[in-house]
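J.: Need coordinates for the following:
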Amino acid sequence: MGIKQLMQLINDKAPGSVYKLPLSRFSGQIVVCDASIALYQFLISTQFSTKSGLGTLTDHEGNPTAHLLGLLNRTLMLLENQIKPIWVFDGEPPNLKLQTISKRQLAKSEAEVLMKQAVEEQKQEDALKFRMRSVIISKNMANDAIKLLNLMGLPIAIAPGEAEAECAQLVKSGHASVVATEDMDSLVFGAPYLLRGFNSKKQPLTEICYEEMLNGLGLSHAEFVDMCILLGCDYTEHIEGVGPVSAYKLIKNFERIEKVLEFIKENKKYKIPENFDYEGARELFLNPKVKNNEEVNFQWTGPDEVGLKEFLVQGKGFAQGRVDDAVLKLKKLRESPKQLVLEHFFGKPIIKRKLSDDDTLGKKKPETKTIRKRGKKIKARIIF
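T.: As a prediction, this is how the structure comes out:
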């Protein structure tokens, strides 16, 4: 999940590509959101200790519902800021990722055993720690999330492969402005803009500009991909002894992993794993499985009020008042002036923003900065 220590490296080597921005800066834009990692974060954020062990939100049958509450709240927050979200879900994982998935499943099973042991021994802090490590998003939980979004009248996308790759493609193809995810993989897939930091209500969001990041690092896209493979990714084993500083220096010096391997084979400091399939990982990053533009057609419609209440209140045990408030907000947002919405989403060819001192990360920026060209008409269909 993500590229190891990539954010640290970007902050060190390409700080000019990192911006601290309030959510309001993205008003009027379409944002693609990585659903899988967000649902996981929604779920673990509601774990809490009780005298009898651990607690979480569940429905009448004991199925977790915290991910649905988090998804509902996050989506409403975006809409209230005049941001249109498109939630993207994972499809079939590539074969190279199956070993990583298997290892994670084993680790979660072990954490589940340790959690139960800690509960029996009344070690609440340990129990909570292991509970968070054992959290999974099942197929049924993902399907519930998709159903919720459909009932809210919001578009979703199910990627043919990795959600991070599909998110990056949707921004590159002009269907959206930025990828919202805590997972740095979208940058390796070439996402022009990545937005993270939604879990903090007090801190501004962090936006990374891909083009400026490459310029700051002094790398091409292919070199950046190879560096990220050296840092450690989900598709192959990691070379022991290679950290963020050494990975960056090795690619700067040798440009490609093939030449790096020739160099480090003579250096006992590094240990190359037998199944280091960097070529397979490189191919997945450079040519990921994504949808064709012709397959993409998003629609925003009105909420299904009756369906939402039946699903959340009767089916998932949500409080009637909470759901009524959510439905009322959705109706009010849908009834907002059409002219304002159309101007926001089809906009002018170029959007510029003034940067305050808080918008930079340790480096002074010009007064204005073009953040994205909007010459292409957004291909999502807006229905009111």
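J.: ok, then the element right after the helix or strand hosting residue 151?
T.: Taking DSSP states H and E as the definition, one finds residue 151 inside helix 139-152. Using DSSP H and E, the helix or strand that follows helix 139-152 in sequence is strand 156-158.
J.: contacts for that next one?
T.: For strand 156-158, contacts defined as CB atoms under 8 Å, 6 or more residues apart in numbering pick out 32, 35, 86-91, 146, 149-150, 166, 170, 291, 296, 298. No exception for glycine: its C-beta is placed from N, CA and C like everyone else's.
J.: now do stretch 80-87
T.: Residues outside stretch 80-87 that contact it (CB under 8 Å, 6+ apart): 23-24, 26-33, 35, 38, 71, 74-75, 78-79, 145, 149, 154-157, 170, 175-176, 180, 298, 300, 329, 333, 340-341, 344-345, 380, 382.
J.: pretty sure residue 289 is touching residue 164, no?
T.: No - applying CB atoms under 8 Å, one finds residue 289 not in contact with residue 164, separated by 11.7 Å.
J.: rewinding a little: and the least confident of the contacts of strand 156-158?
T.: Across the contacts of strand 156-158, the smallest pLDDT goes to residue 296, namely 81.
J.: Now do the contacts for that one.
T.: By CB under 8 Å, 6+ apart, the neighbours of residue 296 are 157, 170, 173, 175, 379.
J.: ok, now with 10 Å
T.: Residues near residue 296 by CB atoms under 10 Å, 6 or more residues apart in numbering: 86, 155, 157, 166, 169, 170, 173, 175, 290, 379, 380.
J.: Take the residues you listed and keep only those in helices.
T.: Among those, the residues falling in helices (DSSP state H) are 166, 169, 170.
J.: What sits closest to the second one if chain neighbours are left out?
T.: Okay, so that is residue 169. Once flanking residues are discounted, residue 169 sits nearest to residue 290: 4.2 Å by CB to CB, 6 or more residues apart in numbering.
J.: Any idea how many residues pack against that neighbour?
T.: For residue 290, the neighbour count with other CB atoms under 10 Å is 22.
J.: ok so, going back, who's more crowded, residue 289 and residue 164?
T.: It is residue 164, of residue 289 and residue 164, that has more neighbours when counted by other CB under 10 Å, with 29 against 15.
J.: elements contacting the strand or helix carrying the more buried one?
T.: Assigned by DSSP H and E, residue 164 belongs to helix 163-172. Counting contacts by 3 or more CB pairs under 10 Å, 6 or more residues apart in numbering; DSSP states H and E, helix 163-172 packs against strand 30-34, helix 35-44, strand 84-89, strand 156-158, strand 178-180, helix 185-188, strand 193-196, helix 210-217.
J.: Packing partners of the fifth one?
T.: In this case it means strand 178-180. When contacts are defined as 3+ CB pairs under 10 Å, 6+ apart, strand 178-180 sits against strand 30-34, strand 84-89, helix 163-172, helix 185-188, strand 193-196, strand 205-209.
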